[in-house]
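Visitor: What follows is a protein structure lacking sequence information:
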């Protein structure tokens, strides 16, 4: 499909009908106090603490009787909340001092309260502020949680939960449609990539908003993270505190967390796009748009003809059945030096970190057609590619001093007269051959090409790949933990530590020669399936392991965690659809470099 345009049944280009509203930004700032009369001041209560929560630097009304009544009301509200995690109560203040409303939110017991608990409860507070249609609210940082907590860490979790809870993908809803999108909240605010609270879809008889070209859609998506919602003031106590943390230091930590949260929203906004609007060409245009915004970024897109000539047999085979032609997207961030370096110089400096993300913009299964039930969710088969695009975009915004290369093989897996077939034998970029037993095991084919290219061409110091690769991973680990396979214990441990810090959980699976033997083929170097239903996630990882030599590598199977599914644990900051899993994890890993 030339240019990635959407075609009607006769093959005629169809203009997109997306109205693009202007973005508005949720501002987050840190302060030593909340201004008197702020619309809502929020404090946390613990189940193992007595009395009302701490409202730092709040001040009184000047009316002693009113202050006593307010203190009594707060104590009663704290007893009602009882510190139960996620429970919220709002106390109106007639004197409007220290605020027009006080909110008490439970965090559970202090010793068990974690940054993840703060993140979740802060999201509930932000949703309540939006429900009340506030313009601004303040949250008081508790002085401590369990062992090892810091004011900067708590404040960052408040910012993350509040910003991510503001997300709702509603760009295709009609004007005046305030119904929710299936999340667990009763709050009906939201935005798409750039905001759509005034109604985003201009279908028949829906108004007169102008149609938007693909370039307009890309521009809108690149504004993702500009979430519409109340502004947030995070109130810290004395500075410096007992741990030597200053207000400036906490502010910088919150700024970093806010940028990372915006990155998460960007990933969701791209991943949630429907397949008729997001083709491989659209992803290529989004990557080019990212590169145009930063001189340290360079984007290269390899198209169908060049893919075939250069030996990308996996990407070519999977993509050949669709009119939406395959693309290989390479986005390079030159953070270590700020200028392009030769591969030899980069290798001498330790090489870049290579991130590879599977992007099947829609996966029908090809000739091995999937069942119809839930096939609509296969628009999320591009989540790995969306994640790595979001990571490199966020790294550039934070101006990290690390060279990063993001590689996205983007295809659409469709049945057709030119589709690849079970029984085919294809030659991958590595030079190895693969027997095709099932065309629905396509992700490992395109990833193998991208991994081999990334290692051979960029000489990285480590490789991390993301893929919604196997349903077997969901069976094994459910919908809240990603599967991890690695050839390097040190890198795997680093990823595990970042997962623990960000609450984006992973669980490592083994990969030894017995599993490698499962993908041996009698007619080719390997086959794209294992043995029956045994160890499906590991067999897929074994196929990928064949694509690389000895570079430290981690594979993350995000099939269960990339979007909200039936068994996904409810979190205030996870709305229905894509979750953006992995961006916060890898950003933590990069910041530790």
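Guide: Sure thing, it's come through. This one's a predicted model, so the numbers in the text were calculated from it and none came from an experiment. Residues are numbered from 1 along each chain as shown.
Visitor: for the residue lying closest to residue 421 once chain neighbours are set aside, helix, strand, or coil?
Guide: Leaving out its chain neighbours, the residue that sits closest to residue 421 by C-beta to C-beta, 6 or more residues apart in numbering is residue 367, at 5.4 Å. Every residue, glycine included, has its C-beta placed from N, CA and C. For residue 367, the assignment made with DSSP: H, G, I helix; E, B strand; the rest coil gives coil.
Visitor: Surely residue 367 is in contact with residue 424?
Guide: No: counting by C-beta atoms under 8 Å, residue 424 is not a contact partner of residue 367; they are 9.7 Å apart.
Visitor: The two: which is more packed in?
Guide: Neighbour count, other C-beta atoms under 10 Å: between residue 367 and residue 424, residue 367 has more, with 20 against 16.
Visitor: so what's that one scoring on pLDDT?
Guide: pLDDT recorded at residue 367 is 97.
Visitor: What of residue 409?
Guide: In this model, residue 409 carries a pLDDT of 98.
Visitor: Report the contact partners of the residue nearest to residue 421.
Guide: 321, 415, 419-422, 439 (C-beta atoms under 8 Å, 6 or more residues apart in numbering).
Visitor: Most neighbours among those residues, which one is it?
Guide: In the contacts of residue 367, the most neighbours by other C-beta under 10 Å go to residue 439, 26 neighbours.
Visitor: Could you find the closest non-adjacent residue to that one?
Guide: residue 366 (3.4 Å).
Visitor: Surely the one you found touches residue 320?
Guide: No: contact criterion C-beta under 8 Å: residue 366 and residue 320 do not qualify, at 10.0 Å.
Visitor: Overlap in contacts, the two.
Guide: Contacts common to residue 366 and residue 320, judged by C-beta under 8 Å, 6+ apart, are 419-420.
Visitor: ok, the two, which is more surrounded?
Guide: Ranked by neighbour count (other C-beta under 10 Å), residue 366 and residue 320 place residue 366 first, with 27 against 19.
Visitor: Tell me how far the more buried one lies from residue 381.
Guide: As judged by C-beta to C-beta, to the nearest Å, residue 366 and residue 381 stand 12 Å apart.
Visitor: now do residue 512
Guide: Taken as C-beta to C-beta, the span from residue 512 to residue 381 is 28 Å.
Visitor: which one of the two has more residues nearby?
Guide: residue 381 (27 against 9).
Visitor: Can I take it that the more buried one is in a helix?
Guide: Yes: counting by three-state DSSP, residue 381 is found in a helix.
Visitor: and it, what does it touch?
Guide: Counting by C-beta under 8 Å, 6+ apart, residue 381 touches 358-363, 443, 468.
Visitor: Name the single longest helix found in the chain.
Guide: Across the chain, the longest stretch assigned as helix under DSSP state H is helix 247-271.
Visitor: for the record, mean pLDDT for it?
Guide: Here helix 247-271 scores 96 as its mean pLDDT.
Visitor: what does stretch 549-564 give?
Guide: 97.
Visitor: Any buried residues in it, and which?
Guide: Of the residues in stretch 549-564, those buried by neighbour count under the rule 16 or more other C-beta atoms under 10 Å are 551-564.
Visitor: next one: stretch 275-288
Guide: Here stretch 275-288 shows 275, 277-288 as buried, counting by 16+ other C-beta under 10 Å.
Visitor: for stretch 417-436, same thing?
Guide: Buried residues in stretch 417-436, counting neighbours by 16+ other C-beta under 10 Å, are found at 419-420, 422, 424, 426-430, 432-436.
Visitor: same question, stretch 291-307
Guide: Buried residues in stretch 291-307 (16+ other C-beta under 10 Å): 291, 294, 296-297, 299, 301-302, 304, 307.
Visitor: List just the nearest of those residues to residue 119.
Guide: Residue 119 has its nearest neighbour among these in residue 294, at 28.3 Å by C-beta to C-beta.
Visitor: ok now do the closest one, which residues does it touch?
Guide: Shown in contact with residue 294 (C-beta under 8 Å, 6+ apart): 333, 396-397.
Visitor: how about a cut-off of 10 Å?
Guide: Neighbour list for residue 294: 333-334, 392-393, 395-397, 399 [criterion: C-beta atoms under 10 Å, 6 or more residues apart in numbering].
Visitor: Could I have the buried ones of those residues as PyMOL selection syntax?
Guide: Filtering the contacts of residue 294 down to the buried ones (16+ other C-beta under 10 Å) takes a single PyMOL command:
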select buried, resi 333+334+392+393+395+396+397
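Visitor: Among the contacts of residue 294, which lie within strands?
Guide: With strands defined by DSSP state E, the entries of the contacts of residue 294 inside them are 333-334.
Visitor: Between residue 366 and residue 381, which contacts overlap?
Guide: Jointly contacting residue 366 and residue 381 under the rule C-beta under 10 Å, 6+ apart are 412-413, 442.
Visitor: Same list, the contacts of residue 381, but as JSON lines with distance to residue 496, pLDDT and neighbour count please.
Guide: Below are the contacts of residue 381 laid out as JSON lines (distance: C-beta to C-beta, whole Å; pLDDT from 0 to 100; neighbours: other C-beta atoms under 10 Å):
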{"residue": "358", "distance to residue 496": "22", "pLDDT": "98", "neighbour count": "30"}
{"residue": "359", "distance to residue 496": "26", "pLDDT": "98", "neighbour count": "33"}
{"residue": "360", "distance to residue 496": "27", "pLDDT": "98", "neighbour count": "29"}
{"residue": "361", "distance to residue 496": "31", "pLDDT": "98", "neighbour count": "29"}
{"residue": "362", "distance to residue 496": "33", "pLDDT": "98", "neighbour count": "22"}
{"residue": "363", "distance to residue 496": "29", "pLDDT": "98", "neighbour count": "26"}
{"residue": "443", "distance to residue 496": "23", "pLDDT": "98", "neighbour count": "29"}
{"residue": "468", "distance to residue 496": "21", "pLDDT": "98", "neighbour count": "31"}
